[in-house]
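Colleague: got a predicted model here, sequence first, then my questions.
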Amino acid sequence: SDVYKRQGTNYPVIASAANGARLPILARNAAGDWYQVQISESNDPAWVFAALTVVDGAVADVPTLAAADIPAAPVAEQPAAAPAAPAASPVTAPVAQPNTSAGFGYGITASLWQGDRQNVVNAVKQLGFSWVKKQVRWEFAEAEHGAINWQEMDTTVDAMSSNGINLMFSVVTSPGWARPTLGGTGGPPEDFQLFANFLGSIAGRYCGSLQAIEVWNEQNLRREWEGFPLEPASYMDLLKRSYNAIKGACPQMLVISGATTPAGYSDVAFDDIDYLRGMYQHGLKSYSDGIGIHPSGFANPPTVTFEDWTSGQYDSLSHVNHRSFYFLSTLRESRKVMEQYGDTAKKLWPTEFGWGSTPSPHPGYEYEARIDEATQARWIVDAFNIMAGSGYVAVPMLWNLNYPRETEMGAFAVIGRPAFDALRQMTGR
């Protein structure tokens, strides 16, 4: 668990407390959701999030600090390395009306890059799934300006198309040549039209054999939107250009908005529900065929909500005291935003969801040790059933099929685990 300089995630993280570490609690805030603790790395008191701790002793005996005694969290500064709308030409009106006809389907993210595609095809068929999602990193596909390496994409598209499996590319990152001033690859290019042009090239090359493109990923996190203000307007500039480039090259290609990741406000994140509202305020309805979201569940079942916790009907050891920790709450709140802006003919595309299970979790995922493989299987099936019955979800993409088990992503993999068999039973296979 992260240890902060003061109460609030807008303050710097000054240490990390390993699972099982014992820290003396000096005080708590009035709400009881932050504890002031003493750590060996600093002579000054630090703060930890109460929901991520297990208290040994009576919390009622811990002194409560008045609000006046706790400095307010600072306002996160936005980077000024680049303007919010860096492109040279204005965005034009949408070149095509959104296609809202997609029905429900079962999807899964697979590791395909330089991998054994036939084994993936076989596994997807065994599951009875009809969609696969693959991430494409622009930084690798066009390392040199104008010299696109199509080999990996060609092989992946051919493998899925020839076996009747629908394919989505989720395209992210930028090559260094597209960020000459900003540097790095973790954000969009300095000229958004360059990214749009790349997506247009993909759409034109694979029209009829690639079914959907997701435009970026988790843009409400600073690490995914490096060098630009963390707000919806700049992303919508990127999406509008990309939508027109894709539809101009292949009108039938589905354009899915980049999925926001569940989060509250901090120096590294923008609340995902507010971000989605901001996307609609800047034209999302007219420039998308489906709305991407990532309804993560952390260590909570897909059937419970944040309201269940606030009303005392549910509790867990961690990740309970914010809406973003709940799969069902994120799903429902995202749909409410669509309803608020009159976009009800369109559907949500949960392009990533799932539950990790491992006895040896990576840092930051300690809760996965509390989820055994049987529970993982049950929760995934329950989530699919909830979405299939919702009437407003198109194609959920389970995270994931086959990432190596020893990696952070591998805790979520279902191949060779009870979840795989449970999913086959769910689809009648």
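Modeller: All right, it came through fine.
Colleague: when you work out contacts or count neighbours from here on, use the C-alpha atoms and nothing else.
Modeller: Will do.
Colleague: let me see the ranges of the helices in this protein.
Modeller: 117-127, 138-141, 151-161, 192-205, 232-249, 272-281, 306-310, 327-340, 373-388, 418-426 (DSSP state H).
Colleague: right, so those helices: which one is the most enclosed?
Modeller: Mean neighbour count (mean count of other C-alpha atoms under 10 Å) peaks for helix 232-249 among these, with a mean of 24.
Colleague: got the contact list for that one?
Modeller: Applying C-alpha atoms under 8 Å, 6 or more residues apart in numbering, the contact partners of helix 232-249 are 84-85, 91-92, 94-96, 192-193, 195-197, 199-204, 207, 215, 219-220, 228, 253, 255, 257, 275-276, 278-279, 282-284, 287-288.
Colleague: now render the helices of the chain as JSON lines, adding mean pLDDT and distance to Ala299.
Modeller: Listed next are these as JSON lines, based on pLDDT from 0 to 100; distance: least, C-alpha to C-alpha, whole Å:
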{"stretch": "helix 117-127", "mean pLDDT": "96", "distance to Ala299": "25"}
{"stretch": "helix 138-141", "mean pLDDT": "97", "distance to Ala299": "33"}
{"stretch": "helix 151-161", "mean pLDDT": "96", "distance to Ala299": "33"}
{"stretch": "helix 192-205", "mean pLDDT": "98", "distance to Ala299": "36"}
{"stretch": "helix 232-249", "mean pLDDT": "98", "distance to Ala299": "29"}
{"stretch": "helix 272-281", "mean pLDDT": "98", "distance to Ala299": "19"}
{"stretch": "helix 306-310", "mean pLDDT": "97", "distance to Ala299": "13"}
{"stretch": "helix 327-340", "mean pLDDT": "98", "distance to Ala299": "10"}
{"stretch": "helix 373-388", "mean pLDDT": "98", "distance to Ala299": "10"}
{"stretch": "helix 418-426", "mean pLDDT": "98", "distance to Ala299": "16"}
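Colleague: nearest to Phe104, of the ones you listed?
Modeller: Phe104 lies closest to helix 373-388 among the helices of the chain, at 6.6 Å (C-alpha to C-alpha).
Colleague: what's the closest one packed up against?
Modeller: When contacts are defined as 3 or more C-alpha pairs under 8 Å, 6 or more residues apart in numbering; DSSP states H and E, helix 373-388 packs onto helix 418-426.
Colleague: neighbouring contacts of the helix it packs on?
Modeller: 126-128, 373-374, 376-378, 380-381, 414.
Colleague: let's see 10 Å
Modeller: 106, 123-129, 373-382, 384-385, 401, 412-415, 428-429 (C-alpha atoms under 10 Å, 6 or more residues apart in numbering).
Colleague: quick one: it to chain centroid distance?
Modeller: Distance, stretch centre to chain centre, for helix 418-426: 24 Å (C-alpha atoms, centre = their mean, to the nearest Å).
Colleague: residue numbering should commence at 18 henceforth.
Modeller: Let's use 18 as the start, then, which means that last one is helix 435-443.
Colleague: output the helices of the chain as CSV; include the columns distance to Trp372.
Modeller: Output for the helices of the chain, formatted as CSV (distance: least, C-alpha to C-alpha, whole Å):
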stretch, distance to Trp372
helix 134-144, 18
helix 155-158, 28
helix 168-178, 26
helix 209-222, 31
helix 249-266, 28
helix 289-298, 19
helix 323-327, 17
helix 344-357, 10
helix 390-405, 6
helix 435-443, 10
